[in-house]
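Chemist: have a look at this fold, sequence not included:
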């Protein structure tokens, strides 16, 4: 095969790969959770509050620390309630304030891209979150999954999956930057005074009191 033909094929393949990557980035991925009616969400948010309050109860000598189990709907409803979206929308999709970073390299603070439609789910021991932000005027879905835990009174997160749109990004490429951002936001990761540890287990968020 002539060299110019080979170069032409390589150029076309490179262009095609670039176009596929763009399409995958802009493509809406499978949602990590589904909206629930407001009435159900309100009940889930109330259930969240009642369970968390159990951690405030004093325990007697020799009594094991309280442990509460929260499913993804309870956590999502509580997040939506905290963001003020629970009572103003017909359906809840776990929206969060714009303090959630849009990517590991995102600037955290004033002027950052708007983040919306934050969704949370738990699968086995993996926590998965998905949100929408705008890049170049286009809505782009970002999905992040990993192991949620705690150490020395602070929450930890070890990613196992990172996707932009429907495009998988190797975790090794983003983990260093992500951990750096988490270190910069360490104060936000401090566990409440009455919580000793957190983890995801059997599809639930498990919180252990002190």
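Modeler: Sure thing, it's come through. Note that this is a predicted model, so its numbers are computed, not measured.

Chemist: can you find the helix or strand of the chain with the lowest average pLDDT?
Modeler: Least confident helix or strand, the chain: strand 91-92 with a mean of 36, by mean pLDDT, DSSP states H and E.

Chemist: quick one: the strands in the protein?
Modeler: With DSSP state E as the criterion, the chain has strands at 36-37, 67-70, 91-92, 115-123, 126-135, 138-151, 154-164, 167-168, 195-201, 204-209.

Chemist: give me the below-cutoff pLDDT ranges for the protein.
Modeler: 1-27, 83-117 (pLDDT under 70).

Chemist: about what we covered before: got JSON lines for the strands of the chain, with mean neighbour count and distance to residue 57 too?
Modeler: The C-beta positions use only the backbone N, C-alpha and C, and glycine is treated the same way. As requested, the strands of the chain are exported to JSON lines (neighbours: other C-beta atoms under 10 Å; distance: least, C-beta to C-beta, whole Å):
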{"stretch": "strand 36-37", "mean neighbour count": "15", "distance to residue 57": "29"}
{"stretch": "strand 67-70", "mean neighbour count": "16", "distance to residue 57": "11"}
{"stretch": "strand 91-92", "mean neighbour count": "19", "distance to residue 57": "29"}
{"stretch": "strand 115-123", "mean neighbour count": "20", "distance to residue 57": "25"}
{"stretch": "strand 126-135", "mean neighbour count": "19", "distance to residue 57": "26"}
{"stretch": "strand 138-151", "mean neighbour count": "18", "distance to residue 57": "20"}
{"stretch": "strand 154-164", "mean neighbour count": "16", "distance to residue 57": "22"}
{"stretch": "strand 167-168", "mean neighbour count": "14", "distance to residue 57": "44"}
{"stretch": "strand 195-201", "mean neighbour count": "17", "distance to residue 57": "13"}
{"stretch": "strand 204-209", "mean neighbour count": "19", "distance to residue 57": "8"}
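
Chemist: distance-wise, check the residue positioned nearest the centre of the chain relative to residue 63.
Modeler: Note on the chain: the residue nearest the mean C-alpha position is residue 129, at 2.7 Å, using C-alpha atoms, centre = their mean. Residue 129 sits 34 Å away from residue 63, going by C-beta to C-beta, to the nearest Å.

Chemist: now swap in residue 140 and tell me
Modeler: On the measure of C-beta to C-beta, residue 140 and residue 63 end up 49 Å apart.
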